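Student: Sequence first, then the predicted structure:
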Amino acid sequence: MILKKCVFCHWRKILINFSIALLLSSAYLPAAENALPSPAVVDSLTRASFSFERHTPDSAYKYVRGLERQAKPGFKSVNNAIMFLPGLVIDGVRSATAFGMHLVNDPEIRARINSFVESENKSFRWYPVADITSDYRPRIGADFFIPLHLVDMAFNWNFAGREKYKLAGNISYHYKNQPYTWRCTLSGLFEHDDDRKFYGIGVTPRNDRRNAILPSAAADYGIYKEKRRKIQLVSSIGFHSHLSLSYSALLQKRTLRNAPTSENAIGNLFNLDKMKEFKHPVQPFYHELSIRLDSRRQERYLSSGIKFEIYYGRSKGIGQDSSTFSRCGFDFMMNIPILDPDRLLTPRLVYNRIKNNSLQTAIPFTEYPQQPVFRGVSGLYMLRTDNHSFVPSLEYHWPLTYYLGAHLFIDYLLVSDQLSHLSWTRVPWAIGLGADIHAKNKELARGYIAAGSEGFHLTFTIGLDSVVNSRSAWE
């Protein structure tokens, strides 16, 4: 979907709300995680071998680390003219971030914010959550935490409209006995959504016989409504901080309906009489075993190393849902230092596979692989899906200031019914530029703009991880 002009008309309002929410969300973090060095160490923010200018400690935080260069006189004037407007934008972002983080670390300001987001006896905390995209209605909400001795309780809500909201909660028990860590989490979810999009199965849905597309259909996608309930149990054990084993089981119920008031209602594109998903609820009982290896340093937000996760799961329908299928796949990512340890080149490949174990019953389209890591469209889209799904990507990440990082990326989305049919023809793609605001070892917020085969896409998220590939989080 092409980015609408009105998005840019409200950029100031969005940035102000974004900054306020970020300020609140970062306030509850322990001081050890997001405190600035005091006094500021300039050498920790610049690369001495390439830096020709030193800044005072108070101003050093807004300058780009390691990017200062001594330019030739003639080139400098031309460069300044070309980069005048981009320079204003970049300097404004850096200055705003530095100012906001200095506020958060001011003892008096921190005390006032903490009194707002934390109960007097520190037994209850909350922080805001926001998801603002150019192709979906903005969602706002909050997370609430009740930390106990060995048990944590959390509650989450977000809201975008009368028929578009989500309520979720979980209770988690954790136990540590070095070098082992065990955690068990029971969670529940209730969600309404009135503008979900489905394009169809396959690389070219209109030419795929598995789709019951009406001859008179003109739109490329259909909009439908969904009511979803889910209960889930996840048990995981970590070994020596790098290796973990996880088992999850969930029971989910989806009720799908047409969106007759919408111009692109799914009933105008597909023959719903041939789609069992709209005749009775989709009720799979799904359980999965996964193994994860992560050699990155957990105490740092960015570090070299690899992350590799492999999983296998099975599902069986309950009640009127007679579907049965299995899933498997992997997520491989490598952080490769370029020039400096905190300048990383990250190739990544995410693969998901689904196999129908019943020849008599088709798999509901809602259970096909989803691709939340593809940044060319909103994660709520089912732009392309099939038996095999690949999302290869390449990203370069570098620091801008103490709390602000930037990244360039390119993503592709490939699907096929068989591996032998995999092709790069008509593959959705996206290339983009983004920034993330983080504490010492945790991301607080992320924003990016992407352009590609699906047009422009703009996203801001606060308190959400936008690059995860958890099957249990597929919507």
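Tutor: Now that the structure is in, tell me what you want to look at.

Student: hey, let's count contacts and neighbours off CA atoms from now on
Tutor: Will do.

Student: bridging residues for E288?
Tutor: S248, G313 (DSSP bridges).

Student: so it makes contact with Y312?
Tutor: Yes - using CA atoms under 8 Å, E288 is in contact with Y312, at 5.7 Å.

Student: what about the two, which has more around it?
Tutor: Between E288 and Y312, E288 has the larger neighbour count (other CA atoms under 10 Å), namely 20 against 16.

Student: tell me the contacts of W157?
Tutor: For W157, the contacting residues are G141, A142, D143, Y165, K166, L167, A168, by CA atoms under 8 Å, 6 or more residues apart in numbering.

Student: will you turn those into JSON lines that also has secondary structure, pLDDT and neighbour count?
Tutor: As requested, those are exported to JSON lines (DSSP: H, G, I helix; E, B strand; the rest coil; pLDDT from 0 to 100; neighbours: other CA atoms under 10 Å):
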{"residue": "G141", "secondary structure": "strand", "pLDDT": "89", "neighbour count": "19"}
{"residue": "A142", "secondary structure": "strand", "pLDDT": "87", "neighbour count": "18"}
{"residue": "D143", "secondary structure": "strand", "pLDDT": "85", "neighbour count": "18"}
{"residue": "Y165", "secondary structure": "strand", "pLDDT": "92", "neighbour count": "18"}
{"residue": "K166", "secondary structure": "strand", "pLDDT": "92", "neighbour count": "20"}
{"residue": "L167", "secondary structure": "strand", "pLDDT": "93", "neighbour count": "16"}
{"residue": "A168", "secondary structure": "strand", "pLDDT": "93", "neighbour count": "18"}
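
Student: could you redo the residues you listed as CSV and give each row distance to E263?
Tutor: As requested, these are arranged in CSV below (distance: CA to CA, whole Å):
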residue, distance to E263
G141, 28
A142, 32
D143, 34
Y165, 22
K166, 25
L167, 28
A168, 31
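
Student: Next, give me the two most distant ones among the residues you listed.
Tutor: Comparing all pairs in the contacts of W157 by CA to CA, the longest separation belongs to D143 and Y165, at 14.0 Å.

Student: Quickly note the distance from the closest residue to Y286 other than its chain neighbours to R139.
Tutor: Closest residue to Y286 apart from its sequence neighbours, by CA to CA, 6 or more residues apart in numbering: S315 at 4.2 Å. S315 is 31 Å from R139, where distance means CA to CA, to the nearest Å.

Student: more neighbours, the two?
Tutor: Each of S315 and R139 had its neighbours counted (other CA under 10 Å), and the higher figure belongs to S315 (22 against 19).

Student: gap between that one and R183?
Tutor: 24 Å.

Student: hang on, the earlier thing: A450: which of the contacts of W157 is nearest?
Tutor: Of all the contacts of W157, G141 has the smallest distance to A450: 24.7 Å, by CA to CA.

Student: Quick check: bridge partners of the closest one?
Tutor: Applying DSSP bridges, one finds that G141 bridges with V129, N158.

Student: check contacts around it.
Tutor: P128, V129, A130, N156, W157, N158, F159 are the contacts of G141 under CA under 8 Å, 6+ apart.

Student: and with 10 Å instead?
Tutor: Residues near G141 by CA atoms under 10 Å, 6 or more residues apart in numbering: 127-131, 156-160, 165-167, 462-463.

Student: Please apply the same query to T255.
Tutor: Taking CA under 10 Å, 6+ apart, one finds 192, 225-229, 277-283 in contact with T255.

Student: Among these, which one is most surrounded by other residues?
Tutor: Going by other CA under 10 Å, V282 tops those with 27 neighbours.
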